[in-house]
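Asker: sequence and computational prediction follow.
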Amino acid sequence: MRKVVVRGGRVIDPAADAPTARPRDLLIEDDRITAWLEPGEAVADAETIDAAGSVVVPGLIDAHFHPFLVDIDPKIPRERHTLALELHHALGALDAWLGSGVTTVRSAGAHANHDVELRALQRAGVVRGPRIVASGSLVAMTSGLRAGNEAISVEVTGPDDARRVARLQIKAGVDQVKLYTSSSVGGGGGRMMGPPGWPQLDEDEIRAVVEEADHAGIPTLAHATSEIAVKQCLRAGVHCIEHATRLDDEAIALLAERDVPIVPTLAIGWSLATFGVLRGFGEHIARTAAAKQAIGIASLQRAKAAGVRIAAGTDADNSRCLLREECRLLVEDAGFTPLEALRAATVTAAQVLRREGEIGALRPGYLADLLLLDADPLDDIRHLAHVRGVLQGGQVCAWRKEASVSA
Amino acid sequence: MTTVITPEYLVDGTGAPAETGMAVVVEDGRITSVVPAEHAPSGPAVERIDAPGQTLLPGLIDLHFHQFLLLVERLGGPQEQTFRRDPLIATTILKAARAAKIWLQQGVTTIRDAGAPDNMAVAMREAIADGFTVGPRVVASGALIAQTGGMRAGNEDHAVEITGADEARREARLQLKAGVDVLKLYGASSIGGGGGRLVGPPGWPQLSVEEMRAVCEEAHKADRLCSAHAVSTVSIRNAIEAGVDWVDHADFLDDETIQMLLDTDTPICPTQAIAWSLEHFGEDMGFGPHIAKMAAEVSVVATEALAKAYRAGVRIAAGTDADNPRASLAQECRLLTEVGMSPLEAIRAATLTNAEILRLDDRIGTVQAGKVADLILVAGDAATDIDALKRIQDVFQAGERLTLPLVDLSAWGYA
């Protein structure tokens, strides 16, 4: 058994009632935290990781990530994407996320269940990166995805067809089933443009998928950007709502009553509004993104006031769109406290992944996923950007090179 | 560029009485004002079009036209109505482009294409909007959504045949993605009861309510429209129950069905012009005498039903379902006056009412400031003489005056 003590740091456990950065050492045995130690407490046969001067927080969890959609040049037409190109970018994105302190991602969809394959390669130790919790292909309605993007989905019509696809996805090994229940916030694309976020899958189609997931003991998550779509999902029993851009009082009341969390994904909207034109999108995309962002933030604030649980996810399509930006936006644009933002990216995200007790906190029994920061993120959420080191399952997987100081 | 049109009479499409002495001012493709002629702008930069003895109206809207069925050949000789699709696809498309031009020169500046093979009406919409060919603005239906075995043998290429609500829903979703504006249900047999080896009662109900409802739901989710071909009373009631935005044809109407139309505020689009042309010119067009006879019998029943619906207050649209140029929208308006509508009401049906049904009334359908300058000039006073609509003098598309004729029809024996 390998023993490691993380010594000299101040530890934040966001699952605690009123967490602060407290001096504490952590004993790690193999991949798990096994004890909280008093500072300096001796442990026989243990390696030491020097955390002096650092603030230690749990590894972050990105609850909405698409490993195969990051940093691919939007000018390359989708039909010219090769698997090699996509894999190259996926590995790069996973590396970037891990280096920024994200130790687990919920993959919110990948074509042909490629995220399930990546997860298998991770478990075999071939590929590194944040631990993938995979959704595989999205379950969408016939014609649901815009022209050119269909490959990420399996299209269904009717509850029986939806049930069949859910069963196939479960057999393929997904950790959760992702539903595409409304159009994009832009209303679609190509020749099919409807109102923003118009409902696509019907309630009985959604319900069939949820039933199958429940039978298999795995959760569902649904892309739902309008109040009608959100309400259909909730009535059908969906376990987590993604984006939730437009919410009315009824939708918020239902979310609160059924205690269904939302993942607002502010980072992608911010990124499109800020860098969209630079990255080769049209001006109208950037403008639309900015307008939708304001609507999404207003919905988020009302949902939060009603007690709806909120998890942090990026929906990133580029490597600037990191989870720390999502946390920053939750604080600076949506009025969260730094602690609320940190919990969204740890405790609540772990609940959404049904991995509470495993990840999202720094307690005995949890996986040793942790992040060493230069300063306390509860003082300023921007300190999430100052990462000294990252441990995943007890292994150091990123460590900043310090500038050498000559005598 | 400013254009001022000063007609003798102005009929604005709202149903209001004709006005005299007015000027319509057009700038950048839009109507910017309608003012007494003496207050109209003048000067060297203003193009002035004086139209003494003529009526200015909104461009007409045909709610039921098939670009791919006008002046195409029929198979099977005089006993059959089966349309022939040319084996060369280019010929099929060029004929559709010709049909679009013929309707435009008859004063129809917007058509709803009521169904074409392979969603080709969408292609026509885009080709016209992009200026590749001249034609009316197209609001496109796709292939008809019909029940398995619903289309007569030989005409199946105008339809996609389905069985069950899920299959109907799937086809609806595919057509919406392909860009269809109005999903079109084939909710009944033809008035002749079918064709080939399957002939039932006139307009017997096809598609179930559940099948049609699935299609309506998909259209409405995406903020699109859905209409149904429905002929018999049962088929009309089925279509209303399923939630269609309007009923095409609606030839048979009893009191219960009329009440249902009123209760749900569902308009009907009667398409009498086609039966009229078959009754009077069927043999010239190569049909057997039984077709003319059937058309005449249908006309009697349908005209009576329509008169009753009109008196009861059902919203009535104007559409032709034409397969020949005589079955024009002007003729349809003429026939609407024969069931009791005033010329102004018939014109409203062919302009503002149709625009409202298509939800385009913020842009077209009346001669009012802010609207797109789709306008026509006809000889005579259309408010008292509906046949003035057959005497087209000028057609303006978004303020552009067309050089007429676009197609010389004399070669086909049409005036």
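Answerer: That came in fine, so what should we check first? Numbers count the residues shown, from 1 in each chain, chains lettered A, B, ... in the order given.

Asker: just the helices in the chain please.
Answerer: Chain wasn't specified; assuming chain A. A:83-99, A:114-123, A:159-172, A:203-216, A:227-236, A:249-258, A:266-275, A:283-305, A:323-332, A:338-344, A:347-352 (DSSP state H).

Asker: that's the other chain; I wanted chain B
Answerer: Ranges of helices in chain B, per DSSP H, are B:89-105, B:120-129, B:165-177, B:209-221, B:233-242, B:255-263, B:273-281, B:289-312, B:329-338, B:343-348, B:354-357.

Asker: what parts of the stretch 151-300 of chain A come near chain B?
Answerer: Proximity of the stretch 151-300 of chain A to chain B, by CB under 8 Å from any CB of the partner chain, involves residues A:157-158, A:160-161, A:183, A:188, A:190-192, A:194-195, A:198-200, A:202. All C-beta atoms are positioned from the backbone trio N, CA, C, and that covers glycine.

Asker: repeat that for 6 Å
Answerer: Within the stretch 151-300 of chain A, the positions adjacent to chain B are A:157-158, A:191-192, A:194-195, A:198-199 by CB under 6 Å from any CB of the partner chain.

Asker: any chance of the helices of chain A in JSON lines, plus mean neighbour count?
Answerer: Below are those laid out as JSON lines (neighbours: other CB atoms under 10 Å in any protein chain shown):
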{"stretch": "helix A:83-99", "mean neighbour count": "18"}
{"stretch": "helix A:114-123", "mean neighbour count": "19"}
{"stretch": "helix A:159-172", "mean neighbour count": "19"}
{"stretch": "helix A:203-216", "mean neighbour count": "20"}
{"stretch": "helix A:227-236", "mean neighbour count": "24"}
{"stretch": "helix A:249-258", "mean neighbour count": "17"}
{"stretch": "helix A:266-275", "mean neighbour count": "22"}
{"stretch": "helix A:283-305", "mean neighbour count": "17"}
{"stretch": "helix A:323-332", "mean neighbour count": "24"}
{"stretch": "helix A:338-344", "mean neighbour count": "23"}
{"stretch": "helix A:347-352", "mean neighbour count": "26"}
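
Asker: ok, back up a step: the helices of chain B: which one's closest to chain A?
Answerer: Closest approach to chain A among the helices of chain B (CB to the nearest CB): helix B:165-177, 3.1 Å.

Asker: show me the domain layout of the chain.
Answerer: This is for chain A. A:3-58+A:361-399, A:60-352 (automatic domain parsing).

Asker: ah, no, chain B please
Answerer: If you go by automatic domain parsing, chain B breaks into B:2-57+B:366-401, B:60-327.

Asker: first to last residue in the longest one, what's the distance?
Answerer: If I follow you right, that is domain B:60-327. Its first and final residues considered, domain B:60-327 spans 14 Å by CA to CA, to the nearest Å.

Asker: try the first one
Answerer: The straight-line separation of the ends of domain B:2-57+B:366-401 (CA to CA) is 13 Å.

Asker: so which of the domains of chain B is nearest chain A?
Answerer: Evaluated over these, closeness to chain A peaks at domain B:60-327, with 2.9 Å, by CB to the nearest CB.

Asker: how about that closest one and chain A, any contact?
Answerer: Yes - on the criterion CB under 6 Å from any CB, domain B:60-327 is in touch with chain A at B:166, B:169-170, B:173-174, B:176-177, B:179, B:221-223.

Asker: state the number of residues packed around the closest residue to A:Asp31 other than its chain neighbours.
Answerer: Leaving aside its sequence neighbours, A:Asp31 sits nearest to A:Gly393 (CB to CB, 6 or more residues apart in numbering or on different chains; 3.8 Å). Using other CB atoms under 10 Å in any protein chain shown, A:Gly393 has 16 neighbouring residues.

Asker: and A:Ile12, how far from chain B?
Answerer: Separation of A:Ile12 from chain B (CB to the nearest CB, to the nearest Å): 46 Å.

Asker: before we move on, what about A:Gly136?
Answerer: A:Gly136 is 22 Å from chain B, where distance means CB to the nearest CB.

Asker: against A:Val174, how distant is the nearest residue to that residue once chain neighbours are set aside?
Answerer: Distances taken as CB to CB, 6+ apart place A:Asn113 nearest to A:Gly136, at 3.8 Å, with adjacent residues excluded. To A:Val174, A:Asn113 is 7 Å away according to CB to CB, to the nearest Å.

Asker: so what sits against both of those two?
Answerer: Shared contacts of A:Asn113 and A:Val174, defined by CB atoms under 6 Å, 6 or more residues apart in numbering or on different chains, comprise A:Gly136.
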